[in-house]
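Visitor: Predicted model follows, preceded by the sequence.
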Amino acid sequence: MKRVTLLLLSLLLLAGCAPKEPTTDASAIDLGGVVAESQPEEFYNGLTPLSSELDPEGLEAYLTAAYGLDREDWVDAVAAYSEGLQAYELAVIQLADGVDAGSAEELLLAYLEGRQADFTGYAPDQAALVEDALLLRQGRWLLLAICPDPEAAKEAFLTRFDGETTQTAARPYTVERDSRGYVVFDPPNEEEMPLYDTAPVMEAYRTGDTSALSEEDAAILEICRQVLEAEIDNDMSPAEQELAVHDWIIDHAAYDETHSSPNRSHPYGLLVEGQAICMGYANTFQLFMGLLDIPCVTVIGASSDSRQDHAWNLVQLDGDWYAVDTTWDDPLGGFVDVPAANESGHHTYFNVTSDFLRQTDHQWDYDAVQEAEGTYWTWRHLTRRR
């Protein structure tokens, strides 16, 4: 299970002595500075800083929106975050007297868990950074650091404190597993995940009569025709046709990171507007498979230990079922501008088994969905045949 690594200071005084509350003369900016300096230059160069001196209103708004900390919860703070496809982040917060430090720490841990979910599958290198994030508490001070070297950050932070303390950790949630060891699927239902009705477009494609199509469906069909004419030929096997469609989607679609497009779950969003979320990827793949007469179903499930909605497909080739996750094969990180063909990073989730999906943070109604057990028509097998 992917989890954020919570590092808490647990130093005990000699037996019979009461622990001394850790103290420091440093400000939040001072502490943030020494932590930043402990990291490679790439870390702090990409950060947008917020502090009481630079942008007090922006700092207050960020601590409230990101971490759930109200202005009365802290007396001194600094934060710096990355935008876009980078997870780097740094925050140093001095809590106000009377604020429960353990509860504040739990809010930050929950934030890290959610941040990891943002990158899981889509940007695996950034998800790994968040998984190793540092969350450290020294008395009334909290440090959050998503950085290349958490140990160096910890050491730099602690050198500015006198005294010792004992802290405890609190997990924001518990992962429930069934008798088979599978993460229990509990639909998050945070995102609308409507299935697209492929029948009108498929009928128009087969008959050539587009008169009954809506304007959106007519645009969808036109692009589908162009793609199939350009990418598919009669000598291709169904598996090769599937691969060609998979790679075209990855090369021509972008993930809607903001989830702001009204067509993000619809093939119109992916095919015409060029962006979609997982449901849009799955619906589009389902449509292409239907046009190619390849048996296919769409699975509406979850990821991030059943805390984030997700969708993918199953295809049937030569009687065997395979799982395909085009969304996670179109990662937001290093492969974003790399053509899909012959690139293994774009085929991690192409024609895999259900067992592989369970091992890679996919959850669904396991008993209601066809099990994917096919292992022959994989990307590596297809590339060897070329």
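Guide: In hand now; what should we look at? Predicted model, so just to flag it, every value in this text is computed and none were measured. Residues are numbered from 1 along each chain as shown.

Visitor: Show me which residues of the longest helix anywhere in the chain are buried.
Guide: Determined from DSSP state H, the single longest helix within the chain is helix 101-119. If you call a residue buried by 16 or more other CB atoms under 10 Å, then helix 101-119 has these buried ones: 101, 104-119. Where you see a C-beta, it was placed from the backbone N, CA and C, and this is true even at glycine.

Visitor: Could you figure out how far the helix or strand following that helix is turned away from helix 101-119?
Guide: Using DSSP states H and E, the next helix or strand after helix 101-119 towards the C-terminus is helix 124-131. Here helix 124-131 runs at an angle of 170 degrees relative to helix 101-119 (axes from the mean of the first three to the mean of the last three CA atoms, to 10 degrees).

Visitor: Quick check: buried residues in helix 124-131?
Guide: For helix 124-131, by 16+ other CB under 10 Å, it's 124, 126-127, 129-131.

Visitor: Do a quick rundown of the strands in the stretch 251-386 of the chain.
Guide: Applying DSSP state E, counting those that start in this stretch to the stretch 251-386 of the chain gives strands spanning 254-255, 275-276, 296-303, 308-317, 320-324, 362-363.

Visitor: so which of those strands gets nearest V201?
Guide: strand 296-303 (14.3 Å; CB to CB).

Visitor: Provide a list of residues in contact with T284.
Guide: The contact partners of T284, taken as CB atoms under 8 Å, 6 or more residues apart in numbering, are 249, 253, 267, 270-271, 276, 326.

Visitor: quick one: contacts for W328?
Guide: 121-122, 312, 348-349.

Visitor: Now rank those residues by neighbours and give me the top one.
Guide: W312 (29 neighbours; other CB atoms under 10 Å).

Visitor: Surely it and Y322 touch.
Guide: No. Using CB atoms under 8 Å, W312 makes no contact with Y322, being 10.9 Å away.

Visitor: if I look at the nearest residue in space to A117 that is not next to it in sequence, how far off is Y88?
Guide: Nearest non-adjacent residue to A117, counting by CB to CB, 6 or more residues apart in numbering: S304, 3.7 Å away. Between S304 and Y88 the computed distance is 20 Å (CB to CB, to the nearest Å).

Visitor: With N263 instead?
Guide: 31 Å.

Visitor: And for T353?
Guide: T353 is 35 Å from Y88, by CB to CB.

Visitor: T375: how many residues sit nearby?
Guide: For T375, using other CB under 10 Å, the count is 13.

Visitor: quick one, what contacts the nearest residue to it once chain neighbours are set aside?
Guide: Nearest residue to T375 in three dimensions, chain neighbours excluded: T353, at 6.7 Å (CB to CB, 6+ apart). Listed by CB under 8 Å, 6+ apart, the contact set of T353 reads 322-323, 372-375.

Visitor: Can you lay out these as a markdown table showing distance to E242?
Guide: A markdown table is the format used below for these (distance: CB to CB, whole Å):
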| residue | distance to E242 |
| --- | --- |
| Y322 | 9 |
| A323 | 12 |
| A372 | 13 |
| E373 | 17 |
| G374 | 12 |
| T375 | 15 |
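
Visitor: Mind picking the two most distant members of those?
Guide: Across the contacts of T353 (CB to CB), the longest gap, 11.3 Å, separates A323 and T375.

Visitor: Tell me the backbone dihedrals of the residue nearest to T375, please.
Guide: In terms of degrees, to the nearest 10, the main-chain angles of T353 are phi -90, psi 160.

Visitor: again, but for S261
Guide: The phi/psi pair for S261 (degrees, to the nearest 10) is phi -70, psi 130.

Visitor: got it, and N45?
Guide: Per degrees, to the nearest 10, the backbone of N45 is at phi -70, psi -30.

Visitor: so how far is Q39 from it?
Guide: 10 Å.

Visitor: who's more crowded, those two?
Guide: More neighbours surround Q39 than the other of N45 and Q39, with 20 against 9 (other CB under 10 Å).

Visitor: Could you look up the SS state of the more buried one?
Guide: coil (DSSP: H, G, I helix; E, B strand; the rest coil).
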